[in-house]
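Visitor: Pasting the sequence and the predicted coordinates here, then a few questions.
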Protein chains: 2
Amino acid sequence: MSYPTQVRLIDVGPRDGLQNEKQPVPAAIKIELVQRLQEAGLKEIEVTSFVSPKWVPQMADNAEVMAGIERRADVRYSVLTPNLKGFEAAIATRPDEIVVFGAASEAFSQKNINCSIAESIERFAPVVEAALAAGIAVRGAMSCTVGCPYEGEIAPEQVSYLAGLMKGIGVQRVDVADTIGVGNPLSVRRAIEATLKHYDLEHISGHFHDTYGQALSNTLAAVSVGVWNFQSSVSGLGGCPYAKGATGNVATEDVVFMLHGMGIETGIDLDKLIDAGQFISDSLGRPNGSRVARAVLAKRLG
Amino acid sequence: MSYPTQVRLIDVGPRDGLQNEKQPVPAAIKIELVQRLQEAGLKEIEVTSFVSPKWVPQMADNAEVMAGIERRADVRYSVLTPNLKGFEAAIATRPDEIVVFGAASEAFSQKNINCSIAESIERFAPVVEAALAAGIAVRGAMSCTVGCPYEGEIAPEQVSYLAGLMKGIGVQRVDVADTIGVGNPLSVRRAIEATLKHYDLEHISGHFHDTYGQALSNTLAAVSVGVWNFQSSVSGLGGCPYAKGATGNVATEDVVFMLHGMGIETGIDLDKLIDAGQFISDSLGRPNGSRVARAVLAKRLG
């Protein structure tokens, strides 16, 4: 078995993680988190989303956060833009990449964004067109690619269907996401293979939730087939609304520990990353969600 | 890649897990835990150890526990016996298997059992001989096969050396253990390959700690090379003395969830297993250490 020699991690903590906080997090904290992540070596950071503050008050400070971060030329800053209105608000903040958010499950699409998969693509099309015209990269999040809270198991054909639609409207790369964390090495591999019908390995990223503790073995399965882009969240920020008390995004620290152990480069300084995760955990007043961070911090104390 | 079609799990919670509790657990609780584990479908359970109660007061009730459990003909009950004195106490309780505990690290051997690796084997030899003469199976735990808290990384040659010594005194099968949880899919595979010089796949089990959250990806790496016996601990019982606040043994529930998802049979009823884990977590008054259990229990509550 051969693995990629390097992996690129996209930290989605500031957006996908903090969006799930009941109490909105002050913009200054978000800005410092982004700063600490880039100092730790992250080259891609999902910063915020441009959605109605009525629905997602946690991200109402999107423009303030984007204006406040110290931009680096070698770091890609992405933002979620579900529709043209969001995109128009986002463009003033000069994101490097926008993200549209679809689902491989019809039921999830209906419940989450109130339309069918095909309708969601129609809605994204002008956003993608406008972004590309403005020279902004476009990523497509494909949620529920292995399991759905409403439909159960998701067939690879549904993933291929969504990936084809994303490709059709010009989305440049896609995330294969296990939104509820029920995937396993085989189901994740099947979802990736279905996506490979429309995108090459360079343009596919894995996004695995750790709700059932399966994210690292799913990551291993994905690197085993050559995937080398992954999303993760520092200190495991982000709960999963479908499983109370359970964790959501896999912790970036845990992914880095595994990859570095395997000799796969990420360009990330694990110690600085752990400090960034502890900073945000302290700010939120909660235990650090990364097992690696907890073990390393306990060792530091002796 | 091909995987085994079935995997056998050895739950070590009653011994390896409860041995780490500060407050000894009442024998009646241990007996009920064993009962629940076998009702959930476990076919191998590490029940207790026969060591001096001066050193391990948590296992002082070993004979009481062994006498109290309802023995089933198709379940293998194992006990740890570090020396001849322990073995002689154990034999009266009719264990199906005894376990001797060695290390692939000289420093760990010295610190943990106060002698060199070679000396520990000399000490085990008469125990193994007596067990085999009495028709009792013998398993050898090989600790620190990838990393050691004192020596750091452990070379595969050290693992092969220990496995060869174990084989030499008649130990029938061995555990490849990542005692401090620092292994990764490559280092674990190397430790298994080193062991394969002396034992076949049938007689090798994987024993991975989840201190750094790596146990499931290491399990996946091991099944990928054909290992089909694993040790785990219901609800992740068992802390790791070298990393305060961090977890120890991988939770049996988490392993079962992954394997079943991959279509690998274990013969275990996951729901009953989760109930067993919650029973012992409640008894100890602590959060359930299995992510699968936490997610499933949260879902049950709606």
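Guide: Yep, that arrived. Numbering: from 1, shown residues only, chains lettered A, B, ... in the order given.
Visitor: Give the buried residues for stretch A:137-155.
Guide: Applying a neighbour-count criterion of 16 or more other C-beta atoms under 10 Å in any protein chain shown, one finds A:137-149, A:151, A:154 buried in stretch A:137-155. Where C-beta positions appear, they are placed from N, C-alpha and C, glycine not excepted.
Visitor: Mind checking if that stretch is in reach of chain B?
Guide: No: Stretch A:137-155 stays clear of chain B (C-beta under 8 Å from any C-beta of the partner chain), getting no nearer than 9.2 Å.
Visitor: Just the mean pLDDT for that stretch, thanks.
Guide: What stretch A:137-155 shows for mean pLDDT is 96.
Visitor: which strands and helices sit next to the helix or strand containing A:A125?
Guide: Taking DSSP states H and E as the definition, one finds A:A125 inside helix A:117-133. Using 3 or more C-beta pairs under 8 Å, 6 or more residues apart in numbering or on different chains; DSSP states H and E, the elements in contact with helix A:117-133 are helix A:84-91, strand A:97-103, helix A:106-113, strand A:137-143, helix A:156-168.
Visitor: The same query, at a cut-off of 6 Å, please.
Guide: helix A:84-91, strand A:97-103, helix A:106-113 (3 or more C-beta pairs under 6 Å, 6 or more residues apart in numbering or on different chains; DSSP states H and E).
Visitor: and that helix with helix A:84-91, angle?
Guide: Per axes from the mean of the first three to the mean of the last three C-alpha atoms, to 10 degrees, the angle that helix A:117-133 makes with helix A:84-91 is 30 degrees.
Visitor: Can you get me a residue count around A:S52?
Guide: Close neighbours of A:S52, defined as other C-beta atoms under 10 Å in any protein chain shown, add up to 13.
Visitor: Give the phi and psi angles for it, as a check.
Guide: Main-chain torsions, A:S52, degrees, to the nearest 10: phi -60, psi 130.
Visitor: And the pLDDT at it?
Guide: pLDDT, read off for A:S52, is 90.
Visitor: again with A:I280
Guide: So A:I280 comes in at 97 (pLDDT).
Visitor: so it touches A:L33, yeah?
Guide: Yes: using C-beta atoms under 6 Å, A:I280 is in contact with A:L33, at 5.2 Å.
Visitor: rewinding a little: tell me the most buried of the helices and strands packed on helix A:117-133?
Guide: strand A:97-103 (a mean of 25; mean count of other C-beta atoms under 10 Å in any protein chain shown).
Visitor: can you list contacts of that strand?
Guide: A:76, A:78-81, A:109, A:120, A:124, A:131, A:136-144, A:162 (C-beta atoms under 6 Å, 6 or more residues apart in numbering or on different chains).
Visitor: hang on, the earlier thing: using CSV, write out every CA atom in the helix holding A:A125.
Guide: Listed next in CSV are the C-alpha coordinates belonging to helix A:117-133 (Å, rounded to 0.1, in the frame of the first residue of the first chain):
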residue,chain,number,x,y,z
ILE,A,117,-30.7,18.4,-4.6
ALA,A,118,-31.4,19.5,-8.1
GLU,A,119,-33.0,22.8,-6.9
SER,A,120,-30.0,23.5,-4.6
ILE,A,121,-27.7,23.1,-7.6
GLU,A,122,-29.9,25.6,-9.6
ARG,A,123,-29.6,28.0,-6.7
PHE,A,124,-25.8,27.6,-6.5
ALA,A,125,-25.2,27.9,-10.3
PRO,A,126,-25.3,31.8,-10.4
VAL,A,127,-23.1,31.9,-7.2
VAL,A,128,-20.5,29.7,-8.8
GLU,A,129,-20.7,31.6,-12.1
ALA,A,130,-20.2,34.9,-10.3
ALA,A,131,-17.4,33.6,-8.2
LEU,A,132,-15.5,32.2,-11.1
ALA,A,133,-16.0,35.4,-13.1
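Visitor: so how far is that helix from its chain's centroid?
Guide: Its chain's C-alpha centre and that of helix A:117-133 lie 19 Å apart, by C-alpha atoms, centre = their mean, to the nearest Å.
Visitor: Just the mean pLDDT for it, thanks.
Guide: In this model, helix A:117-133 has a mean pLDDT of 97.
Visitor: for stretch A:195-211, same thing?
Guide: Mean predicted confidence for stretch A:195-211 is 97.
Visitor: what about it, start to end distance?
Guide: 23 Å (C-alpha to C-alpha, to the nearest Å).
Visitor: Any regions of the stretch 151-300 of chain A where pLDDT drops low?
Guide: The stretch 151-300 of chain A contains residues with pLDDT under 70 at A:239-247.
Visitor: Recalculate using a threshold of 50.
Guide: The stretch 151-300 of chain A contains residues with pLDDT under 50 at A:240-246.
Visitor: where exactly do the strands run in it?
Guide: A:152-153, A:173-178, A:204-208, A:229-232 (DSSP state E, counting those that start in this stretch).
Visitor: Deepest in the core, which of these is it.
Guide: strand A:204-208 (a mean of 27).
Visitor: That strand and chain B, any residue contact?
Guide: No: Strand A:204-208 lies out of reach of chain B by C-beta under 6 Å from any C-beta of the partner chain, never closer than 11.2 Å.
Visitor: Alpha carbons of stretch A:96-111, in PDB - could you do that?
Guide: The C-alpha trace of stretch A:96-111 is given here as PDB (Å, rounded to 0.1, in the frame of the first residue of the first chain):
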ATOM      1  CA  ASP A  96      -9.900  33.300  -1.800                       C
ATOM      2  CA  GLU A  97     -12.600  30.600  -2.100                       C
ATOM      3  CA  ILE A  98     -16.300  30.300  -1.600                       C
ATOM      4  CA  VAL A  99     -18.100  27.100  -0.500                       C
ATOM      5  CA  VAL A 100     -21.500  26.000  -1.500                       C
ATOM      6  CA  PHE A 101     -23.100  23.300   0.600                       C
ATOM      7  CA  GLY A 102     -25.100  20.500  -1.000                       C
ATOM      8  CA  ALA A 103     -26.200  17.000   0.200                       C
ATOM      9  CA  ALA A 104     -26.100  13.500  -1.300                       C
ATOM     10  CA  SER A 105     -29.400  12.800   0.500                       C
ATOM     11  CA  GLU A 106     -32.700  14.200  -0.800                       C
ATOM     12  CA  ALA A 107     -34.300  14.100   2.700                       C
ATOM     13  CA  PHE A 108     -31.300  16.000   4.200                       C
ATOM     14  CA  SER A 109     -31.400  18.600   1.400                       C
ATOM     15  CA  GLN A 110     -35.100  19.200   2.100                       C
ATOM     16  CA  LYS A 111     -34.700  19.400   5.800                       C
END
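Visitor: Please verify my assumption that A:H198 contacts A:G164.
Guide: Yes: the criterion here is C-beta under 6 Å, and A:H198 meets it with A:G164 at 5.1 Å.
Visitor: Between the two, which has more neighbouring residues?
Guide: Each of A:H198 and A:G164 has its neighbours counted (other C-beta under 10 Å); A:H198 has more, 20 against 15.
Visitor: if I look at the more buried one, how far off is B:R139?
Guide: A:H198 is 50 Å from B:R139, where distance means C-beta to C-beta, to the nearest Å.
Visitor: And for A:A215?
Guide: Distance, A:A215 to B:R139, using C-beta to C-beta: 32 Å.
Visitor: ok, now A:L284?
Guide: Counting by C-beta to C-beta - A:L284 and B:R139 are separated by 45 Å.
Visitor: same question, A:I154
Guide: Distance of A:I154 to B:R139, given as C-beta to C-beta: 41 Å.
Visitor: same check, this time on A:L42
Guide: 45 Å.
Visitor: And for A:R294?
Guide: Taken as C-beta to C-beta, the span from A:R294 to B:R139 is 31 Å.
Visitor: what residues does chain A put near chain B?
Guide: Looking at chain B, the residues of chain A close enough under C-beta under 6 Å from any C-beta are A:184-186, A:211-214, A:216-217, A:220, A:243-246, A:254, A:257-258, A:261-262, A:291-292, A:294-295, A:298.
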